[in-house]
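K.L.:
Build me a model:
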Amino acid sequence: MSVEQGLYILIQTGTSNLAPGFAVTLPKNQLSASAPMAWSYRSITSTPHYTLSGQLGFQDWNVQLDCHGTTMAYAIQMSNAINGVLRGIWHGTMTDADSTKVAGIFRKSTFIDGYRDENLSYIRSTDWLIQYYQQ
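P.N.:
A predicted model of the protein is given here:
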């Protein structure tokens, strides 16, 4: 779970804790007038790399980031803040417990906008590829 922890810390630090982040989905009743934004991440796939000698420590992690807001403007603001942190092919060592080494973070698609009835939020979703070395 270290790469997940590293991504969480990277986004929270990079956005100056603009809004809370959650694994998988946004909890019900999380958004309010005083807390109009939040984000969540969800693993889509995790694929190890192989050679004829066997499995390498290099991994591809496809992750979806959902940015929520009480209005679409807030969802877009959160998405733009995260995009500002991750875009530009971020690479380096994350500050998670295992100091995960990241070869690159790449945005895979444009975005998808929507609305979630269960938590009354507007949402902007983006997909990312994170290539890292598993400890």
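K.L.:
only C-alpha atoms for contact and neighbour calcs from this point on.
P.N.:
OK.
K.L.:
can you give me the helices in the protein?
P.N.:
Counting by DSSP state H, the chain has these helices, from start to end: 2-14, 72-86.
K.L.:
which parts of the lowest-mean-pLDDT helix or strand in the chain are buried?
P.N.:
Using mean pLDDT, DSSP states H and E, the weakest-scoring helix or strand in the chain turns out to be strand 37-51, at a mean of 88. Judged by neighbour count using 16 or more other CA atoms under 10 Å, the buried positions of strand 37-51 are Met37, Ala38, Trp39, Ser40, Tyr41, Arg42.
K.L.:
Pro48 is nearest to which of the helices of the chain?
P.N.:
helix 2-14 (13.8 Å; CA to CA).
K.L.:
name the helices or strands packed onto that closest one?
P.N.:
In this structure, helix 2-14 makes packing contacts with helix 72-86, judged by 3 or more CA pairs under 8 Å, 6 or more residues apart in numbering; DSSP states H and E.
K.L.:
Touching the helix it packs on from outside, list them.
P.N.:
10-11, 14-15, 18-19, 36-39, 66-69, 105-106, 122-125 (CA atoms under 8 Å, 6 or more residues apart in numbering).
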